Structure formats: structure tokens, C-alpha cells
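Undergrad: have a look at this fold, sequence not included:
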């Protein structure tokens, strides 16, 4: 693969009982979200996701005078159905106990004052999480709340993140987890994690985008006057693109590609890093991720270009170069094939909105 995205010679040589998962992007099924309230937790990491999911399809429409179209039903539940007191203290009252939940598509575990003793006292929560994971629910942990997912064994062999300050402690306690504490948000096999208390907003918007599409997520962010999800706690990253799989060499190749997508990358070099022949690497990569390596890199680069266009004022030429392309005309054509818009049209439509007082009043 080259910087203009054209295939190299190596690529040319080779080309259950679970409940139904959430609707695909753009689907119109309303999804059920359960936010678990925990004693001694950070209230914002429960309330923030509730407000983001409630706003999706609602707040922007109301501001624009359009018919609200809710995308999520949100329910707050505690372990025993009783009110909990946050770290501050601030009381939070749930609608029900977790055992009363009959159906849920998404579960959110907020941040809490984590320690080993607290984990031991929540055995029923761990059992409940395992049950819903078997049934196909998407489960997300925020900041230190990720520890409950790891304690339940749901993160073994998977990528995960958490707050940088507790990352070393969790890494020692859960060595089977592939900790990526430099990232704000990770996704691996229906398990989602975020690092930091206010990364609760990043994770919630990431889930809105995943299940409702980019435009609804962006409208939700704009209506709440918050930014779209950040990639990393330090630096820049693009979120995972592939379906869950257990092919460890391919996982390592994906991580390398996500870190170096803006460089010249050849199949021969990638194959050598994984100890495979180019032909075998292409076959294994496609089987594990659902994409050929060249298509995977192009998707990474287009995702990077979209974020640059949404967040900044860099020239299209600069966006092209920072996304890994040398040929501006090729980049424009490829971007339009992927998004249906030119880079300039995409920026015009999706660049972050700045509300003036008059605009807010008229909205």
C-alpha cells in the first residue's frame, strides 16, 4: 500500500442463542439502555450518559422545531433498587433493581471509588453482567468502573482503557486484559471502555454514533455544545474498525496500522512483522477483520480526515497529507466515494457549530 492509497504488488498477488443485538446504524429501532447506579460513584458518569442518550434524536429536533424522534429508552437501576449516595455526597434514585431488568441492549457502568473490597461486595453485579453479556448486550465501563468488567472476566484477551491513574493497578490485577490506557475510548467484542470521568461523554457519543450513525451523533453533540469523541488521552488515535476476533497476530497488525496509518505501508512489511508470508497475512487479515489490509488502511485514513475536517480549520491539502495521502486529487475522489461528499462539503456540513446568542434564541 502506498501514500496515494493504491495497492502494491503484494496485495495484487492475492486478493447462537443470543438475543438480537442493537439495530445497525441508521436503524429506527429504539434501543434500551440501563445505567447502573453505584454507591460512592461519580454522579456525572451516570447522569452524563443518561442525558446524552436521552438527547439523541430529541434535543436537536426540538431546537430546530422538528418532530422529536427518540433513539434510546434510558433506565437507571441500582443493585438492590434502593437509592445510592455518590462520592460527594449526592443522592441518586433508580427506577428499579438490576434483577428487574427484562431487556436491555446497552449497559453503562459509571466510575466509582474502586478498591478490591468494593469489588468483593458486588458479586451479584458481576453475575448480572456476565448474564447480559451472554445474551448479547453491549456493556460499557467508564473510568474506574471498567474494573467491574475486568473482575467479571469480560475483558480477558480484549483491548480496554481506564483512567491513567489506576491503569497500573488494574494492569497488575488483570494481566489478561490488553490495556490501552493512552486511549479515551476502546471497543472490543461488545465491550466498551473509557478513561477519565468526563470521558463518559465521549463514550456515550461514541455509542450514539455506532448505533444511530454519524449525523445523529454530531447533532446530539452540537445540541449539548460538547465535542465529538476524543481518540486518545495523549496524542491522536482512530478508534477500532474491525469486528471482534481472536487472531492475535492480526490484532497486533491492527494496532500497528492504527498508530502508523499515515505512513507508507507495504504488505511485505506488515507480513514480516507478524511472521507470515504476504499471501497468508492477507488471507488471515481478511478472515479476522472482514477487510483487506488496503481497505482497512483507507478506512483509517478517511476516519482521520473526517475528524480533522470536523474539528479544525486546516487546509484540505494539510488534511490530505496528515491523513496519509500525497495526491490531493486522489484523496478528494476517495473521500467522496466513502462519504458522498467532497472534503469541503463535508466540513461545511459537519464542522463544529458555534452558537451565537441570537442563533440559540431562534433555535
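TA: Right, received. Where do you want to start? What you see is a predicted model; the values in this text were computed from it and never measured. Numbers count the residues shown, from 1 in each chain.
Undergrad: next, the buried residues of whichever strand or helix holds residue 200.
TA: Secondary structure assigned from DSSP states H and E places residue 200 in helix 199-212. By 16 or more other CB atoms under 10 Å, the buried positions in helix 199-212 come out as 199-212. Using the backbone N, CA and C atoms, a C-beta is placed for each residue, glycine as well.
Undergrad: swap in stretch 260-274?
TA: For stretch 260-274, using 16+ other CB under 10 Å, the buried residues are 261, 262, 265, 266, 267, 270, 271, 274.
Undergrad: what do you get for stretch 281-293?
TA: Those would be 281, 282, 284, 285, 286, 288, 289, 291, 292, 293, for stretch 281-293 by 16+ other CB under 10 Å.
Undergrad: show me the contacts for residue 262.
TA: 301, 304, 322, 323, 324 (CB atoms under 8 Å, 6 or more residues apart in numbering).
Undergrad: what is the most widely separated pair among these?
TA: 301 and 322 (9.4 Å; CB to CB).
Undergrad: so between the two, which is more surrounded?
TA: Comparing residue 301 with residue 322 by other CB atoms under 10 Å, the one with more neighbours is residue 301, at 24 against 16.
Undergrad: pull out the buried residues from whichever strand or helix holds that one.
TA: Using DSSP H and E, residue 301 sits within helix 293-311. Buried residues in helix 293-311, counted by 16+ other CB under 10 Å: 293-310.
Undergrad: tell me the one of the contacts of residue 262 nearest residue 53?
TA: Using CB to CB, the contacts of residue 262 come closest to residue 53 at residue 304, 26.8 Å.
Undergrad: sketch out the helices for the stretch 101-250 of the chain, chain order is fine.
TA: 116-120, 123-134, 146-151, 164-173, 199-212, 214-224, 248-260 (DSSP state H, counting those that start in this stretch).
Undergrad: among those, which is nearest residue 94?
TA: Using CB to CB, those put helix 123-134 closest to residue 94, at 13.1 Å.
Undergrad: just send the buried residues of stretch 281-293 back as a markdown table, with distance to residue 34, pLDDT and secondary structure too.
TA: Below are the buried residues of stretch 281-293 laid out as a markdown table (distance: CB to CB, whole Å; pLDDT from 0 to 100; DSSP: H, G, I helix; E, B strand; the rest coil):
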| residue | distance to residue 34 | pLDDT | secondary structure |
| --- | --- | --- | --- |
| 281 | 41 | 94 | helix |
| 282 | 41 | 95 | helix |
| 284 | 37 | 94 | helix |
| 285 | 36 | 93 | helix |
| 286 | 36 | 91 | helix |
| 288 | 31 | 89 | helix |
| 289 | 30 | 88 | helix |
| 291 | 32 | 88 | coil |
| 292 | 38 | 92 | coil |
| 293 | 38 | 92 | helix |
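Undergrad: from those residues, which two are the most distant?
TA: 281 and 291 (13.1 Å).
Undergrad: ok so, going back, so for the helix holding residue 200, what's the average pLDDT?
TA: Here the mean pLDDT over helix 199-212 is 91, rounded to a whole number.
Undergrad: name the helices or strands packed onto that helix?
TA: Applying 3 or more CB pairs under 8 Å, 6 or more residues apart in numbering; DSSP states H and E, we find helix 199-212 packed against helix 44-55, strand 106-109, strand 138-142, strand 185-188, strand 191-194, helix 214-224.
Undergrad: pairing partners for the fifth one, with directions?
TA: Note on strand 191-194: by DSSP bridges, its sheet partners are strand 138-142 (parallel), strand 185-188 (antiparallel).
Undergrad: might you list the low-confidence residue ranges for the stretch 151-300 of the chain?
TA: 230-244 (pLDDT under 70).
Undergrad: go with 50
TA: 232-240 (pLDDT under 50).
Undergrad: picking up where we left off before, now the helix holding residue 200 against helix 44-55, angle please.
TA: Counting by axes from the mean of the first three to the mean of the last three CA atoms, to 10 degrees, helix 199-212 points 30 degrees away from the direction of helix 44-55.
Undergrad: hang on, the earlier thing: out of the helices of the stretch 101-250 of the chain, which is closest to residue 52?
TA: Nearest to residue 52, of these and by CB to CB, is helix 199-212 at 3.8 Å.
Undergrad: just the angle between the closest one and helix 214-224, please?
TA: 140 degrees.
Undergrad: sorry, back to before: who wins for proximity to residue 348 among the helices of the stretch 101-250 of the chain?
TA: Of the helices of the stretch 101-250 of the chain, the one closest to residue 348 (CB to CB) turns out to be helix 214-224, at 13.0 Å.
Undergrad: no further queries at this time; thank you.
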